[in-house]
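1. coordinates only, sequence not included:
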């Protein structure tokens with residue numbers, strides 16, 4: 001399940017990062033480099049996602065340990 005589609009139920013810290021980059025996407029758009037930064041912040045919280053050259057993040061999931 002892509003947690004980007006269920007963003008309302010994300011933990012508070014993850015939600016904060018989500019909204020930070022959602023605002024950035026709406027105002028300036030995301031680039032490949034900002035997606036890398038976004039991914040690094042999500043990885044630090046135990047989540048991961050994919051993105052392509054179009055800089056559209058998708059498939060947010062919890063990292064399985």
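-> Yep, it's here. Source: prediction; values computed, not measured.
2. Need phi/psi at residue 16.
-> phi -60, psi -40 (degrees, to the nearest 10).
3. Now for it, how many residues are close by?
-> The number of residues packed near residue 16 is 12, by other C-beta atoms under 10 Å. Where C-beta positions appear, they are placed from N, C-alpha and C, glycine not excepted.
4. Check the gap between it and residue 39 for me.
-> Distance, residue 16 to residue 39, using C-beta to C-beta, to the nearest Å: 16 Å.
5. Over to residue 60?
-> According to C-beta to C-beta, residue 60 stands 10 Å off from residue 39.
6. try residue 30
-> For residue 30 relative to residue 39 (C-beta to C-beta), the value is 11 Å.
7. tell me, what's touching the two both at once?
-> By C-beta atoms under 8 Å, 6 or more residues apart in numbering, residue 30 and residue 39 have these common neighbours: residue 57.
8. Show me what counts as buried in stretch 30-47.
-> Using 16 or more other C-beta atoms under 10 Å as the test for burial, stretch 30-47 gives 30, 34, 35, 38, 39, 41, 42, 47.
9. does the fifth one really touch residue 51, like I thought?
-> In other words, residue 39. Yes. Using C-beta atoms under 8 Å, residue 39 is in contact with residue 51, at 7.2 Å.
10. what's the overlap in contacts for those two?
-> residue 57.
11. and residue 55, which of the three is it?
-> coil (DSSP: H, G, I helix; E, B strand; the rest coil).
12. Identify the residues contacting it.
-> Contacts for residue 55 were tallied using C-beta under 8 Å, 6+ apart; they are 29, 30, 31, 32, 34, 35.
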